[in-house]
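Novice: build me a model:
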Amino acid sequence: MRVINFNPANLTGDQQVWWNKWQTRATTATAQIIAEWEDWLEKWLKKRDPAIRFTGDFNSQIWADLKEWMTQNLFHSHCAYCETGMIGFWGDAEHHRPKGRVSNTDPHGVSMAGSALVEVAGQQVQLSHPGYFWLAYDWRNLIPSCQWCNQGGGKVDQYPAGKVHLIMKELTAAHGPTLEKPIQSTKWPASYYLAPSDLDVHESPFLLNPLNITSGREPLNHLRFGIRGAITSVDGSAIGAETIRVLRLDDPLRTQSREKAQKNIHRAYGLTYADPDHTQADLDRILRAFRSGEEDYSVSALEYIRIKYP
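Specialist: Numbering: from 1, shown residues only. Next comes the predicted model:
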């Protein structure tokens, strides 16, 4: 899992023009889905029927367009989670925090609907998690993912966390300067929808996101890559263990693929390293494509070199 640091404000030229147009579409769609939710919540609070769920009307083309842009410009056509190469239309526009439902999986693999906390009108209300609908078009919550990580027995709509999942939080004026642009509710002005980094603080999620990581959530602090493509959690890290479990990163096929990448880098690096006349520039030249993320399973390969050539 390779860390990607990205700030749209640094884009220029045609890239900046494309991004601004995309962001306008995303902002409009976000306002619409929040309005749908608040109309639904206002009615739900009168009956509080746990069997009634919110189902929003999403525009999938918006996040599909961003997925294509991110795949090409940030992730070098690789899955953000496992670093498998993705070609053409293969792969998903992954919502790191699920947009329409959040589930939990018990030790037996049974999926159960999760719950969430809503702070509104001076009340704290628990209800069936509607998904992080306000983040459906938020680029900070969108990354390209292979179908192995995101579908089938993979992540789907799982989002394990150490604390309660949060939808709306009541804030005072003192909170404002410390938060990353929360979205204020129209119907309940004291309530806000938090940005991903602020949600991390309140929810303590167990699933790693390689895009613009927050403090303490660096992948290599929680995931350890070893020889023969092995992967494990660091010192019993619950974040590492859950990330491996949810994304199936220790599946034999993924392990074999990482081992192959390690053999490839070892072959090229080892031959150069054995040359008594090699320079650091020679070694850096071999590692360049792995450091940039252009090669499959680049982090595992680089960790292999770190272990073999300390």
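
Novice: do I have it right that Ser257 meets Asp296?
Specialist: Yes - assessed by C-beta atoms under 8 Å, Ser257 is found in contact with Asp296 at 6.9 Å. Every C-beta, even on glycine, is put in place using the N, C-alpha and C of the backbone.

Novice: could you name every residue contacting both of these two?
Specialist: Common contacts of Ser257 and Asp296 (C-beta atoms under 8 Å, 6 or more residues apart in numbering): Thr84.

Novice: show the contacting residues for Asn73.
Specialist: Taking C-beta under 8 Å, 6+ apart as the test, what Asn73 contacts is Gln15.

Novice: begin at 873, not 1, for the rest of this chat.
Specialist: All set: I'll call the first residue 873, so the last point we hit is now Asn945.

Novice: can you report phi and psi for it?
Specialist: phi -100, psi -20 (degrees, to the nearest 10).

Novice: do you know how far it is from Ile1179?
Specialist: For Asn945, the distance to Ile1179 equals 31 Å [C-beta to C-beta, to the nearest Å].

Novice: ditto for Val1036
Specialist: 39 Å.

Novice: before we move on, what about His1094?
Specialist: 18 Å.

Novice: neighbour count for those two, which is higher?
Specialist: Higher neighbour count among His1094 and Ile1179: His1094, with 22 against 12, using other C-beta atoms under 10 Å.

Novice: in terms of pLDDT, where does the more buried one sit?
Specialist: Looking at His1094, its pLDDT stands at 97.

Novice: check contacts around it.
Specialist: 1080, 1105-1106, 1109, 1111-1112, 1115.

Novice: and the buried ones among those, selectable in PyMOL?
Specialist: Burial among the contacts of His1094 is assessed by 16 or more other C-beta atoms under 10 Å; the matching PyMOL selection reads:
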select buried, resi 1080+1105+1109+1111+1112+1115
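
Novice: out of the contacts of His1094, which is nearest to Gly1142?
Specialist: For those, the minimum distance to Gly1142 (C-beta to C-beta) is 26.5 Å, reached by Val1106.

Novice: for the closest one, which non-adjacent residue is spatially closest?
Specialist: Arg1096 (5.0 Å; C-beta to C-beta, 6 or more residues apart in numbering).
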